[in-house]
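*Asks:* here's a sequence, model it:
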Amino acid sequence: MLCIGGLFAQAQIRQFADFSKMNFGCDGNSITAGNQWSKTVVDLLAFATHHNVAVGSATWACHPDTQDYGSAGFAGISNGWQPTEDKVELQKRHNNVSKVHIQKFISEVDNGTYPEPDVFVFSMGTNDTNLGSATEALEGKTLDSVDVKTMAGGARWSIQTILQRFPKCRVFLCTPIQTGDVEHNKINLKKIEILREICRALSVQVIDCYSNSGITEKFEQSKGHGRYLRDGLHPETEGQQLMGRYIAKEIRNNFF
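*Replies:* Residues are numbered from 1 along each chain as shown. The predicted structure follows:
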């Protein structure tokens with residue numbers, strides 16, 4: 001339920017745009033999964049539908065044994081992260097990548113579960129470790145030779161696939177937010193440089209949640225509860241809504 005401030009923000013946004021006939025889609029990791037910042041965006045802009053395929057612990061990069069969604073023997077997708085030797089669970093975790101999420105998203109559009117998106121937002125990268133090179137990921141016009149086992153390649157594959165499959169859809173990429181850990185933030189900045197280069201090449205707008213969402217390392221703990229992050233990484237409700245208001249503003253401004 002929106003508070004009075006939220007209703008005022010909602011009224012302000014609607015003065016400029018009517019998204020009520022548009023459909024919203026998004027992909028990401030645990031900061032996006034379920035009804036977090038994306039629900040605030042959908043509520044503020046009054047999108048007709050909300051199609052979210054984000055899963056906690058997800059990465060842009062695929063694993064060597066990642067299965068295509070719906071392929072024979074597809075094990076499923078898991079957000080697990082605790083140590084395990086269960087082979088089925090490990091396969092599900094290795095399927096928890098953006099490429100598989102996007103294959104699932106498209107499958108759900110094709111079978112009529114959800115309509116085609118008018119706006120799609122990517123928000124991931126925090127969990128990636130194999131970054132790769134934007135230059136290498138951007139070689140060629142098709143996706144045939146893209147190395148999706150790197151963050152750069154996985155990002156190009158997913159973003160370009162949405163652009164190709166839904167040519168009228170407006171696509172955005174949100175950068176990772178600041179965490180309470182200084183070293184983690186340094187790594188995130190390297191990831192953001194790569195993701196910006198991918199987006200620049202694909203003519204996709206970057207929404208700078210790292211610099212402009214209102215969440216800063218200075219007010220967060222490396223592990224404990226801070227101003228907006230409950231554990232130094234994941235926004236609690238107020239932080240989710242803060243992110244959502246910023247992202248909604250950027251989407252609205254892009255359209256109008």
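*Asks:* now for the longest helix belonging to the chain, which elements pack on it?
*Replies:* Across the chain, the longest stretch assigned as helix under DSSP state H is helix 182-202. Packing partners of helix 182-202 (3 or more CB pairs under 8 Å, 6 or more residues apart in numbering; DSSP states H and E): helix 134-137, helix 151-165, strand 170-174, strand 205-207, helix 209-212. For every residue, glycine as well, the C-beta is placed using N, CA and C.
*Asks:* so, low pLDDT: which residues of this protein?
*Replies:* Scanning the chain for pLDDT under 70 picks out the ranges 1-17.
*Asks:* please enumerate the strands of it.
*Replies:* 23-28, 49-52, 119-123, 170-174, 205-207 (DSSP state E).
*Asks:* let's have these in TSV, adding mean neighbour count and distance to Thr135.
*Replies:* Conversion of the strands of the chain to TSV gives the following (neighbours: other CB atoms under 10 Å; distance: least, CB to CB, whole Å):
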stretch	mean neighbour count	distance to Thr135
strand 23-28	26	24
strand 49-52	18	32
strand 119-123	25	20
strand 170-174	22	18
strand 205-207	18	18
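*Asks:* list the contacts for the residue nearest the centre of the chain?
*Replies:* The C-alpha lying nearest the average C-alpha coordinate of the chain belongs to Ser123 (CA atoms, centre = their mean; 2.1 Å). Neighbour list for Ser123: 26-29, 31-32, 37, 54, 173-174, 176, 209 [criterion: CB atoms under 8 Å, 6 or more residues apart in numbering].
*Asks:* can you list contacts of stretch 145-156?
*Replies:* Contacts of stretch 145-156 (CB under 8 Å, 6+ apart): 59-64, 66, 97-99, 122, 125, 128, 130-134, 136-140, 143, 157, 173, 191, 194-195, 198, 201-202.
*Asks:* quick one: buried ones out of the residues you listed?
*Replies:* When those are checked for burial by 16 or more other CB atoms under 10 Å, the buried set is 59-63, 66, 97-99, 122, 125, 128, 130-132, 134, 137-138, 143, 157, 173, 191, 194-195, 198, 202.
*Asks:* how about Gln240, what does it touch?
*Replies:* 36-37, 39-40.
*Asks:* just the buried ones from those residues, in PyMOL syntax?
*Replies:* The PyMOL selection below is limited to those of these classed as buried (16+ other CB under 10 Å):
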select buried, resi 36+37+39+40
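*Asks:* mind listing which of the contacts of Gln240 are in helices?
*Replies:* Among the contacts of Gln240, the members falling in helices (DSSP H) are 37, 39-40.
*Asks:* now those residues in JSON lines, with distance to Glu89?
*Replies:* Shown next, in JSON lines, are the ones in helices among the contacts of Gln240 (distance: CB to CB, whole Å):
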{"residue": "Trp37", "distance to Glu89": "28"}
{"residue": "Lys39", "distance to Glu89": "29"}
{"residue": "Thr40", "distance to Glu89": "32"}
